[in-house]
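Undergrad: Need a 3D model of the following:
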Amino acid sequence: MKLLRREWDGRAPAAEAERLRALAPPASAVDSQAAAIVSDVRRRGDAALREISSRLDATEVAPEEIALAVEPEAIERARAAADPDLVGALEVTARNLGSVARAELDALGDAAASLPQGQTVSILSRPVGSAGLYAPGGRAAYPSSVLMCCVPAQVAGVDRVALASPPGPDGAVHPTVLAACSVAGVQEVYALGGAQAIAALAYGSESVAPVDVVAGPGNRFVNAAKRIAVGEVGIDGIAGPSELLVVFDAAARVRDLALDLLAQAEHGADGLLAAFSADRDALDELALVLERLAAERPTVADAPLALVGAPDVGAAIELADALAPEHLELALEPADERLAADRIAGCVFFGPCGAVAFGDYSAGSNHVLPTGGAARFGGPLGVGTFRRRTSVVEIDAAAAAGLAPRVGALARAEGFPVHAESAEARTDR
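TA: Reported below is the predicted structural model:
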């Protein structure tokens, strides 16, 4: 853990947020490499996927022996062989995610308006035809990410759900990932990681049919590939590397906050970690506890962590909004639902037990969240990612007569007289 102490005078929060973001590696650093991978997959299909996987993934299998698709039987065997406690945890997590996803689906219902001229305009929500989901690998297996992606897609009503996850040394997807696929009811699984997995899902190959939406968290290569593909497929957003900001005061339990920050550092050294407080003694104590606990926990990466002294709590909150982090913990007395609801962040945690780890796993919120400041305009992965919206307009003769003069005036003002004729023709009946 690389602790960095900063003092901020409360001025120019946007500029200070940019300085803090500069502590993490820039997302664009791997763009050219990711573009080359995506281009190769589009050009050569399965052959490129096997060669790239052999070169970049952890697999030790020869390229010609790599099996890209996982047999459905292997998925069910993995669930049967898994630790019952793990399967039970997956099932509870899936049920909680499903409950939240169904509530979101209800909120996305169809809407219709009858307008004064007589026309009716409806907004209809329908599932996309197919979704390609990504569960990261590398440092560890992430069965939780399988559920976070697959459950909302299933609840949304997507007919075809495919998942890609990096292979291990034996060329196979990790058994816990396959067990999670079984719990989620997903049978189409590919042993593919990184930018090549996103390219396969987005553009297809001999073994992988292309999808309508690509979603899921990943490293900078995964996110660079998603940025390349957007427009030809839908994407959920840019999710990763992990971020956590803690805003706290003297009443907070410092050891708990240290564990929360160290937990996020388990995701790797390229994320963004920060803690803001107006209490300098509390910041000093947090620094000491972090150094002690980090030394005792080998899974914690050597990530940078900024400890920022703010002039007051209000300024710390303003800087948090400017940073727009993936995860935000409010360890303040008092912190209530209104304070949390007004924040700009992917997911906000508060209350005496508000650890991000609950949201990472089984609380029912989704851990696929916007990073890099994208919480300013994005939000958690959910049912809405896998639903398309369509406007349906019904215009009868009376509505046409009422609207045509307005359409004619606007169209001619814009230099499109045939638009005007097209509308006015409907009144000659």
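Undergrad: Please tell me how far the residue nearest to residue 45 when sequence neighbours are not counted sits from residue 187.
TA: Leaving out its chain neighbours, the residue that sits closest to residue 45 by C-beta to C-beta, 6 or more residues apart in numbering is residue 205, at 3.8 Å. (C-beta placed from N, C-alpha, C; glycine too.) According to C-beta to C-beta, to the nearest Å, residue 205 and residue 187 sit 19 Å apart.
Undergrad: Kindly report the same for residue 334.
TA: As for residue 334, its distance to residue 187 is 48 Å (criterion: C-beta to C-beta).
Undergrad: Neighbour count for these two, which is higher?
TA: More neighbours surround residue 187 than the other of residue 334 and residue 187, with 16 against 8 (other C-beta atoms under 10 Å).
Undergrad: Pull up the per-residue confidence for that one.
TA: Among the per-residue scores, residue 187 shows a pLDDT of 97.
Undergrad: And the one 10 residues further on, by the same measure?
TA: Confidence per residue is given as pLDDT, and for residue 197 that number is 98.
Undergrad: Residue 163: what secondary structure?
TA: Reduced to three states with DSSP: H, G, I helix; E, B strand; the rest coil, the structure at residue 163 is strand.
Undergrad: tell me the contacts of it?
TA: Taking C-beta atoms under 8 Å, 6 or more residues apart in numbering, we find residue 163 in contact with 132-135, 146, 149-150, 181, 186, 188-190.
Undergrad: Could you rerun that using 6 Å?
TA: For residue 163, the contact set (C-beta atoms under 6 Å, 6 or more residues apart in numbering) comprises 133, 186, 189.
Undergrad: residues near the closest residue to the last one other than its chain neighbours, how many?
TA: Spelled out, that is residue 189. Of all residues beyond its chain neighbours, the one nearest residue 189 is residue 70 (4.1 Å), with distances taken as C-beta to C-beta, 6+ apart. Close neighbours of residue 70, defined as other C-beta under 10 Å, add up to 23.
Undergrad: Show me the contact partners of the longest helix anywhere in the chain.
TA: Determined from DSSP state H, the single longest helix within the chain is helix 84-107. Outside helix 84-107, the residues that touch it by C-beta under 6 Å, 6+ apart are 147, 151-152, 155, 180, 183, 362, 364, 382-383.
Undergrad: Would you map the helices across the stretch 301-429 of the chain?
TA: Assigned helices in the stretch 301-429 of the chain, in chain order: 313-323, 337-341, 356-360, 397-413, 417-424 (criterion: DSSP state H, counting those that start in this stretch).
Undergrad: how many neighbours does the residue nearest to residue 299 when sequence neighbours are not counted have?
TA: Leaving aside its sequence neighbours, residue 299 sits nearest to residue 266 (C-beta to C-beta, 6+ apart; 5.0 Å). Counted with other C-beta under 10 Å, residues neighbouring residue 266 total 15.
Undergrad: Then residue 390?
TA: Residues near residue 390, counting by other C-beta under 10 Å, number 10.
Undergrad: Ignoring the adjacent residues along the chain, who's closest to it?
TA: Among residues not flanking residue 390 along the chain, residue 124 sits closest, at 4.8 Å (C-beta to C-beta, 6+ apart).
Undergrad: just how off-centre is the helix or strand hosting the one you found within its chain?
TA: In the assignment (DSSP states H and E), residue 124 maps to strand 120-127. Here strand 120-127 is found 25 Å from its chain centre; the criterion is C-alpha atoms, centre = their mean, to the nearest Å.
Undergrad: follow-up on the earlier one: return the closest of the contacts of helix 84-107 with respect to residue 287.
TA: Taking C-beta to C-beta as the measure, residue 287 lies nearest residue 362 of the contacts of helix 84-107, at 30.8 Å.
Undergrad: Residue 88 versus that closest one, what's the distance?
TA: Residue 362 is 11 Å from residue 88, by C-beta to C-beta.
Undergrad: Tell me which of these two has more neighbours.
TA: Legend: neighbour count by other C-beta under 10 Å for residue 362 and residue 88, higher for residue 362 (18 against 12).
Undergrad: Near residue 108, how many other residues are there?
TA: 15.
Undergrad: In contact with the residue nearest to residue 5 when sequence neighbours are not counted, which residues?
TA: Excluding its sequence neighbours, the residue lying closest to residue 5 (C-beta to C-beta, 6+ apart) is residue 307, at 5.2 Å. Each residue near residue 307 by C-beta under 6 Å, 6+ apart is listed here: 5, 275, 283, 287.
Undergrad: and the last one, what element?
TA: Going back to what we said before, that points to residue 287. helix 280-295.
Undergrad: for the longest helix of the chain, which positions count as buried?
TA: By neighbour count on 16 or more other C-beta atoms under 10 Å, the buried set for helix 84-107 is 86-87, 89-90, 93-94, 96-98, 100-101, 104-105.
Undergrad: Distance from the chain centre to it, please.
TA: Counting by C-alpha atoms, centre = their mean, helix 84-107 is centred 17 Å from the centre of its parent chain.
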